[in-house]
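*Asks:* Prediction below, plus the sequence it came from.
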Amino acid sequence: MTDHNKTRLTSAEMTSLWTGYMNDSMAICVFNYFLNNVDDTDVKPVLEYSLEVAQEHIKAITDIFNKEGFPIPQGFSDEDVNLEAPRLYSDLFYLYYLHGMATIGLATYGASLSLMARSDVATYFNECLTSSIEIMNKAREVMLHKGVYVRPPYISTPNKVEFVLNKDFYGGFFGNKRQALTGVEISHLFLNSQNNTLGRALLVGFAQVAKSKNIREYLFRGVDIAKKHTQIFNKILADSYLPTPNTWDSDVLDSTVAPFSDKLMMFHTSALNVSGTGNYGLAIAASPRTDIATTYFRLQMEIGQYAKSGTDIMIKNGWLEQPPTADDRKGIAGV
């Protein structure tokens with residue numbers, strides 16, 4: 001029988017592990033800073049568990065890469081975090097952050113797991129999924145206990161089975177617009193509004209403390225984009241008389257001392273851009289109403305342009321660590 005653990009890493013396995021290393025090395029810096037100033041005794045254990053998970057991930061990936069002779073990414077280290085920096089966010093924000101990042105982890109690890117062939121790598125990503133679920137559950141339980149968990153909107157229970165009988169179900173831009181949102185449309189609108197609200201608060205804090213004026217301006221541009229997108233999603237919900245998510249701007253404090261390097265904050269912003277683009281893509285596929293799907297597509301393009309500007313900044317500063325790439329066959333051949 002073939003020992004699948006001795007086969008070469010596929011491009012998907014290699015890239016998923018590399019990306020995981022980068023994200024978890026960043027998370028270790030963030031969680032260590034949060035733990036250095038957290039006061040809430042309910043929030044602290046969730047942070048401690050999240051840090052432990054990230055550290056275990058780094059060890060597991062390092063072991064696999066060492067066996068493969070794969071160079072360990074530089075990622076992020078103690079040089080990218082100032083543990084003595086004053087508090088920048090509230091304890092409640094830490095809780096929202098943990099829940100939000102665990103939700104992103106579920107989507108990322110789920111997509112990765114579906115492409116894994118080697119049993120050792122598949123086992124690793126299966127454990128990543130399990131730990132993300134655990135973090136999300138722990139954060140949600142604390143939020144429910146404190147009465148700060150924001151539930152998606154309620155809708156009435158259907159009293160009979162119905163079928164769509166005309167094309168008005170797709171809606172349109174001029175007249176005949178279906179006013180009643182489907183449950184799946186509501187879910188995506190609410191989630192994307194909530195994600196933008198969280199991202200906006202995170203970037204407000206980053207923009208306050210970034211050392212480079214150019215990066216501060218870039219981050220505030222992200223704040224404005226997140227605010228705009230939130231308003232668009234909330235209006236669609238409000239037009240159907242549905243509640244919208246809370247904002248967390250008040251959970252950003254007034255410190256101007258950077259807890260993180262500009263490099264780390266730019267990387268984190270880039271990761272949020274990737275997540276947002278993916279979420280919008282899923283929402284497009286799940287939104288039958290034409291105007292909503294088109295809105296997502298337009299906003300997705302805006303995120304893409306913003307992400308491109310961020311990548312340019314990272315390249316200019318020598319911060320963009322190159323992911324695994326295919327062989328340049330013409331370059332190897334010298335033609």
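*Replies:* Cool, the structure landed.

*Asks:* going forward, measure contacts between C-alpha atoms and count neighbours the same way
*Replies:* Will do.

*Asks:* The protein: strands as residue ranges?
*Replies:* Assigned by DSSP state E, the strands in the chain number zero.

*Asks:* What ranges in it fall below the confidence cut-off?
*Replies:* 1-5, 171-179 (pLDDT under 70).

*Asks:* if you set the cut-off to 80 instead, what comes out?
*Replies:* Filtered on pLDDT under 80, the chain yields the residue ranges 1-6, 165-179, 328-330, 335.

*Asks:* Now do the helices in it.
*Replies:* Secondary structure of the chain (DSSP state H): helices at 11-37, 43-68, 91-113, 119-146, 183-209, 213-239, 262-286, 290-316, 329-333.

*Asks:* and the ones you listed, which is most packed in?
*Replies:* helix 183-209 (a mean of 22; mean count of other CA atoms under 10 Å).

*Asks:* So what angle separates the directions of that helix and helix 91-113?
*Replies:* Inter-element angle recorded for helix 183-209 and helix 91-113: 120 degrees (by axes from the mean of the first three to the mean of the last three CA atoms, to 10 degrees).

*Asks:* Can you name every helix or strand that helix 183-209 contacts?
*Replies:* Identification of packing neighbours for helix 183-209 by 3 or more CA pairs under 8 Å, 6 or more residues apart in numbering; DSSP states H and E yields helix 91-113, helix 213-239, helix 262-286.

*Asks:* Out of those, which gets nearest to Ala60?
*Replies:* For the helices and strands packed on helix 183-209, the distance to Ala60 is smallest for helix 91-113, at 14.9 Å, taking CA to CA.

*Asks:* that older thread, quick one: the helices of the chain as CSV, columns for distance to Thr247 too.
*Replies:* Shown next, in CSV, are the helices of the chain (distance: least, CA to CA, whole Å):
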stretch, distance to Thr247
helix 11-37, 20
helix 43-68, 20
helix 91-113, 11
helix 119-146, 15
helix 183-209, 6
helix 213-239, 10
helix 262-286, 18
helix 290-316, 20
helix 329-333, 50
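
*Asks:* among those, which is nearest Lys160?
*Replies:* helix 183-209 (15.7 Å).

*Asks:* about what we covered before: turn the helices and strands packed on helix 183-209 into CSV, including distance to Val43.
*Replies:* Below are the helices and strands packed on helix 183-209 laid out as CSV (distance: least, CA to CA, whole Å):
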stretch, distance to Val43
helix 91-113, 6
helix 213-239, 26
helix 262-286, 22
